[in-house]
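> Okay, predicted coordinates and the sequence, questions at the end:
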Amino acid sequence: MKSLELKLYPDPILRKKCEPVEELTAEIKELVLAMLATMKAKNGIGLAGPQVGVLKQIITIGEIPKVTKPIGLINPKIIKKAKGREFGEEGCLSIPGIYEKVGRSKIIKVSGITPEGKKVVLQTEDLFARVLQHEIDHLSGILFPDRMNPFRRVKTYRKYQQVNRTQMTT
């Protein structure tokens, strides 16, 4: 399976809202497989359409031992969130090298469609819930630093720019 090109911050496509998938075509199924392969090749645990330049509501989640095997979800929607937030470290393939604590709901319920066309509702918690929330945010143009308070958000984006600048000069 071919690997797709990752879009890196500040690529403007990462800030765009995605359109729902209207029809489950062979191209969409192939895209999900390519996204899973790209995510695995980059050692990621999640990937969303905009991160590979596709403005469609498609996400992939990698294997989480004893929880889920790698999956693709089309038109995912969070339909219920537990009250309160739990803070955990997050990173992003589109913002490489940056990891920060972000507050997310510990338990969520998500609906979506599998690449095979089956409607599913997933009750998830802990890491699986965190990854789903992170990837679904991408479909609305939201990056994980946007979920931090304004001071930490600015500090995180500046840190990324410094890391990025350093890598470009070496």
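Looks like it arrived, so ask away. Numbering: from 1, shown residues only.

> What residues of the host helix or strand of Arg158 count as buried?
Arg158 is part of helix 150-169, with elements assigned from DSSP states H and E. Across helix 150-169, burial judged by 16 or more other CB atoms under 10 Å covers Arg153, Thr156, Tyr157, Tyr160, Asn164. C-betas here are computed from N, CA, C, even on glycine.

> which secondary structure elements does the helix or strand harbouring Thr60 contact?
Using DSSP H and E, Thr60 sits in strand 58-61. On a contact count with 3 or more CB pairs under 8 Å, 6 or more residues apart in numbering; DSSP states H and E, strand 58-61 meets helix 26-41, strand 46-48, strand 71-81, helix 126-138.

> To Leu4, which of these lies closest?
Closest of the helices and strands packed on strand 58-61 to Leu4 is helix 26-41, at 4.5 Å (criterion: CB to CB).

> before we move on, back to that, in JSON lines, list the buried residues of helix 150-169 along with pLDDT and distance to Pro76.
Converted to JSON lines, the buried residues of helix 150-169 look like this (pLDDT from 0 to 100; distance: CB to CB, whole Å):
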{"residue": "Arg153", "pLDDT": "95", "distance to Pro76": "24"}
{"residue": "Thr156", "pLDDT": "95", "distance to Pro76": "25"}
{"residue": "Tyr157", "pLDDT": "94", "distance to Pro76": "26"}
{"residue": "Tyr160", "pLDDT": "94", "distance to Pro76": "26"}
{"residue": "Asn164", "pLDDT": "80", "distance to Pro76": "30"}
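
> which of those residues lies closest to Val67?
For these, the nearest to Val67 is Thr156 (27.6 Å; CB to CB).

> if we can go back for a sec, highest mean neighbour count out of the helices and strands packed on strand 58-61?
Greatest average neighbour count among these goes to strand 46-48 (a mean of 28), per mean count of other CB atoms under 10 Å.

> just checking, what packs against that one?
Using 3+ CB pairs under 8 Å, 6+ apart, strand 46-48 sits against helix 26-41, strand 58-61, helix 126-138.

> chain center to stretch 116-125, what's the gap?
The chain centroid and the centroid of stretch 116-125 are separated by 16 Å, computed with CA atoms, centre = their mean, to the nearest Å.

> wait, doesn't Lys40 sit right on Thr60?
No - with contact defined as CB atoms under 8 Å, Lys40 does not reach Thr60; the gap is 9.2 Å.

> Need the residues touching each of those two.
Here Lys40 and Thr60 have Pro70 as joint contacts, going by CB atoms under 8 Å, 6 or more residues apart in numbering.
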